[in-house]
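# I need the structure of the sequence given here:
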Amino acid sequence: MRRPDKRRDLVIAACMGVVMAIVIGIGGSLMLREAEDQAIPELSTAIRAGTDAVGQAVADLIGKGLGYGIPLEDLYGVDAYFDTIVTGVPTIDALALAAPDGETLWSTRPDVQGASFPVILDGNTLATIVVAPAPPFFGAVVFHLRAVLAGAALLFGFLGGCLTYLVLSGSISAGRERLRASMRAVIDGTYPSRATVPGSGVVADAMRGFERQLAPLETAVRGLEDEVATVRAIDFDGSLSARLEPILQPLSAERHIIEDEDAPRNTAAHRLFAVWLSVVILGVYWTVAPFVANFAIDRQWAWASPAWWPSLPWVVELAVAVTVFALARTLAPNIRPLAAFAGLLATGAACASVYVIRDYDHFLLSRAVSGLGLGLAVAAMTTGRGTVLRDRSVAAMLVIAVLIAGPLLGGLLGEAIGRRMSFLSTGVALMVLAFLTLSIRWPALSPNIGPDTGRRLRIGDLSGRAAGAGVAIGVTALVLLPAGVGYDAYFAGGALIGVIGLAALLSPAMWQPLAAVLILAGLAVLSLAPEAGQPVALYGAMAAGCALLGAGAAGFVRRAFVHRARKRLPAMLISLATGLGLGAAAASLSDSLTLPPLAIPAGFAVLLSLLDLPGRRTPGRQPDPR
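You can find the predicted model right below:
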């Protein structure tokens, strides 16, 4: 069977993504413009009222000083008083005090223009206060909202395109290719297996109708075979067979129709549903990635130094998740449904509880429970599904969900409803997803299905390259960005994490030293980025550093897959998660030792990658004993 042509699906999915992005962008822009048009008159009136009140109060105070007999030129502390007002009142841009002849005696900046308020004493105008109102202070807010809206349109357009492609390639295009292959097989003189056609829709109905038409053909072929067998059974001298040969010669290349009961059982759909559900769960779970570190910083903790505040929740959470994942893979198949359901419920409840948490201790406990539930649920849902997990589309969607869609969606939620509500909404979403695990066909989790069927993992199965990639991503995505530029700008932090994911998605497998150089270059750029000064230069440098780091980390992981058997994928996931925790801890260790912020993480990433040198014999590279 020829390889299906995916170009049409890609074009349709891209068009759908563009249409969704345009519709969301235009709709959001119109709503924002309408809100701005209604709010500007009211805000302008409030600004004018505030300016008038400040100008009149300053004029009255200056008049009171002049009433004590102090000459206008000898008033003391006017400049400091004006600076205090301009700094503390956002609606005032500048102040000036002018003499009756128009000479400016004091001003916070040259050429102050605006509303004038006379200083009157006994009916005489002794001076004039000039107040320059500030530009609408909501201008920066509107610009920020427009940037967030643009990011939301691009994100949901991208997700819409991805979902469209998955539907097309997994359902419509698959049915179309199956129908085309069946018709080609009949034309070529072979007959396809008539396994049950799942699904609904025009393509599935056409496929079922076509395969129903094969039944008369199958009957005719079987009847012909029976007649030929009968003739040969009574052909004692071979004369009848000699006459049949010219008739049967055109049919000699044909194959017999495969029995329905000989068709392989179709269990891939059930295994694929559980894997895709796991990808969605991980994506939803990582919507809180832009918040954990900065939320922990705000809670503080007397039992640890400030350098460890942002990383401790991640270290505890990932350590618990990795340990539970490794142990839960050996659970009996009849226990896994309950483990998946209870694990997701616990994860969602722990995540939602952050809404009411006020101290560091309880926040640390909630993250530990979240890691426990997540490790339990993912292990129960993915064990025994190695053939599906090795699919490249699953790996790509995992990167999209965890490093692109999740952080971007979390950043948007943080800007819209705040951190606590984002934790609450994420927890509720995870608890809802827990009930979808009840629809998984759990008998497909039999230990005989895949090569990774709950075998206990050994230290030799782990990948140093994957751990090194996890260190590089963990120090940046879990600590540096949320505690730095993303401390208050949640969307900016989520977008930069998305840059790491996008670079990782597009990066090919590469030579290990080159991947290490890219990681070190990315960490160096991220270290020097705060010195860029201007916001445009700062965010540009941060995006460049994230792109270099994501490309190098993906090069590490792809190279690790080349040099290790893919059936060790659970060990690869454990290696990545372990590296994420080590990266978060290394960032705090560098800070506590007053070293360059990314010195220890860079050393960890390179050192761990050296444990997977190409010449090293690993369990995944041993020759087949046969």
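# Neighbours of A541, how many?
The tally of other residues near A541 (other Cβ atoms under 10 Å) stands at 17. In this view, the C-beta of every residue, glycine as well, is placed from N, C-alpha and C.
# Can you give me every residue that contacts it?
Contacts here follow Cβ atoms under 8 Å, 6 or more residues apart in numbering; on that basis A541 touches 525-526, 528-529, 532.
# And for M431?
M431 neighbours (Cβ under 8 Å, 6+ apart): 344-345, 348-349, 352.
# Now, the residues you listed that are in helices?
Among these, the members falling in helices are 344-345, 348-349, 352 (criterion: DSSP state H).
# low-confidence ranges in the stretch 151-300 of the chain?
The model of the stretch 151-300 of the chain has pLDDT under 70 over residues 169-208, 210-215, 217-218, 221-222, 235-238, 240-241, 244-272.
# Name the residues that touch stretch 499-517?
Here stretch 499-517 makes contact (Cβ under 8 Å, 6+ apart) with 396, 399-400, 402-404, 407, 465, 473, 476-477, 518, 543, 546-559, 561-562, 605-606, 609, 612, 614.
# Just the CA coordinates for that stretch, please, in PDB.
C-alpha atoms of stretch 499-517 as PDB (Å, rounded to 0.1, in the frame of the first residue of the first chain):
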ATOM      1  CA  VAL A 499       9.300  29.400  21.900                       C
ATOM      2  CA  ILE A 500      11.200  26.600  23.500                       C
ATOM      3  CA  GLY A 501       8.500  24.100  22.500                       C
ATOM      4  CA  LEU A 502       8.300  25.500  18.900                       C
ATOM      5  CA  ALA A 503      12.100  25.300  18.500                       C
ATOM      6  CA  ALA A 504      12.100  21.700  19.900                       C
ATOM      7  CA  LEU A 505       9.300  20.700  17.500                       C
ATOM      8  CA  LEU A 506      11.100  22.000  14.400                       C
ATOM      9  CA  SER A 507      14.600  20.800  15.400                       C
ATOM     10  CA  PRO A 508      16.100  17.700  13.800                       C
ATOM     11  CA  ALA A 509      18.400  15.100  15.300                       C
ATOM     12  CA  MET A 510      21.900  16.500  15.500                       C
ATOM     13  CA  TRP A 511      25.400  15.800  16.400                       C
ATOM     14  CA  GLN A 512      25.700  15.700  20.200                       C
ATOM     15  CA  PRO A 513      28.500  18.300  20.500                       C
ATOM     16  CA  LEU A 514      26.400  20.700  18.300                       C
ATOM     17  CA  ALA A 515      23.400  20.200  20.500                       C
ATOM     18  CA  ALA A 516      25.500  20.900  23.600                       C
ATOM     19  CA  VAL A 517      26.900  24.100  22.000                       C
END
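# Buried among the contacts of stretch 499-517? Make that a PyMOL selection.
This is how PyMOL selects the buried members of the contacts of stretch 499-517, with burial counted by 16 or more other Cβ atoms under 10 Å:
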select buried, resi 399+400+402+403+404+407+465+473+476+477+518+543+546+547+548+549+550+551+552+553+554+555+556+557+558+559+561+605+606+609+612
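# which ones among the contacts of stretch 499-517 are found in helices?
Among these, the ones falling in helices (DSSP H) are 396, 399, 407, 465, 473, 518, 543, 546-559, 561-562, 605-606, 609.
# can you tell me which helix in this structure is longest?
helix 7-67.
# roughly how far out does that one sit from the chain middle?
Centre-to-centre, helix 7-67 and its host chain are 29 Å apart (Cα atoms, centre = their mean, to the nearest Å).
# Name the residues that touch the lengthiest strand in the chain?
Scanning the chain for the longest strand, with DSSP state E as the assignment, gives strand 124-133. Applying Cβ under 8 Å, 6+ apart, the contact partners of strand 124-133 are 47-48, 51, 54-55, 58-59, 62-63, 66, 72, 91-100, 105, 107, 112-120.
# from the middle of its chain, how far away would that strand be?
56 Å.
# Can you name every helix or strand that the next helix or strand after it contacts?
As assigned by DSSP states H and E, the chain's next helix or strand after strand 124-133 is helix 139-167. Helices and strands touching helix 139-167, by 3 or more Cβ pairs under 8 Å, 6 or more residues apart in numbering; DSSP states H and E, are helix 7-67, helix 392-399, helix 406-417, helix 490-506.
# how about those in JSON lines, adding distance to G77?
Below are those laid out as JSON lines (distance: least, Cβ to Cβ, whole Å):
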{"stretch": "helix 7-67", "distance to G77": "10"}
{"stretch": "helix 392-399", "distance to G77": "61"}
{"stretch": "helix 406-417", "distance to G77": "42"}
{"stretch": "helix 490-506", "distance to G77": "41"}
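# Tell me which of the ones you listed approaches A571 most closely.
Taking Cβ to Cβ, helix 392-399 is the member of these nearest to A571, at 14.9 Å.
# then the closest one to CSV, C-alphas only?
Extracted as CSV, the C-alpha positions of helix 392-399 are listed here (Å, rounded to 0.1, in the frame of the first residue of the first chain):
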residue,chain,number,x,y,z
ARG,A,392,5.9,10.4,15.8
SER,A,393,2.6,12.3,15.7
VAL,A,394,2.1,11.4,19.4
ALA,A,395,5.5,12.7,20.4
ALA,A,396,4.9,15.9,18.4
MET,A,397,1.6,16.5,20.0
LEU,A,398,3.1,15.8,23.4
VAL,A,399,5.6,18.6,22.8
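# pLDDT (mean, whole number) over that helix?
If you average the pLDDT over helix 392-399, you get 77.
# Just the buried ones from the contacts of strand 124-133?
Neighbour counting with 16+ other Cβ under 10 Å marks 47, 51, 54-55, 58-59, 62-63, 66, 72, 91-98, 107, 112, 114, 117, 119 as buried within the contacts of strand 124-133.
# Which helix or strand contains P118?
Using DSSP H and E, P118 falls in strand 115-121.
# what packs against that strand?
With contacts defined as 3+ Cβ pairs under 8 Å, 6+ apart, the packing partners of strand 115-121 are helix 7-67, strand 124-133.
# so what does the first one touch, helix or strand wise?
In this case it means helix 7-67. Packing partners of helix 7-67 (3+ Cβ pairs under 8 Å, 6+ apart): helix 78-88, strand 92-98, strand 115-121, strand 124-133, helix 139-167.
# tilt between it and helix 78-88?
Orientation check (axes from the mean of the first three to the mean of the last three Cα atoms, to 10 degrees): helix 7-67 against helix 78-88 gives 150 degrees.
# helices and strands of this protein: which one has the lowest mean pLDDT?
helix 386-389 (a mean of 52; mean pLDDT, DSSP states H and E).
# Relative to A495, how far out is the spatially closest residue to L145 that is not a sequence neighbour?
Nearest residue to L145, sequence neighbours excluded (Cβ to Cβ, 6 or more residues apart in numbering): L32, at 6.1 Å. Distance from L32 to A495, counting by Cβ to Cβ, to the nearest Å: 19 Å.
# Same drill for the two, tell me which one is more crowded.
A direct count of neighbours by other Cβ under 10 Å for L32 and A495 places A495 higher, at 28 against 15.
# Isn't the more buried one up against V148?
No - the criterion here is Cβ atoms under 8 Å, and A495 misses it with V148 at 9.6 Å.
# so which helix or strand takes in the nearest residue to A352 once chain neighbours are set aside?
Ranked by Cβ to Cβ, 6+ apart and with sequence neighbours excluded, the top spatial neighbour of A352 is G427, at 2.7 Å. Using DSSP H and E, G427 falls within helix 419-436.
# Compute the number of surrounding residues for W511.
W511: 11 surrounding residues under other Cβ under 10 Å.
# Heading C-terminal from the strand or helix carrying R243, find the next helix or strand.
R243 is located in helix 239-248, with elements delineated by DSSP H and E. Using DSSP H and E, the next helix or strand after helix 239-248 towards the C-terminus is helix 268-285.
# quick one: buried residues of that next one?
270-285.
# now the contacts of M431 as CSV including pLDDT and distance to A380?
Shown next, in CSV, are the contacts of M431 (pLDDT from 0 to 100; distance: Cβ to Cβ, whole Å):
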residue, pLDDT, distance to A380
L344, 93, 10
L345, 94, 13
G348, 94, 16
A349, 94, 18
A352, 93, 21
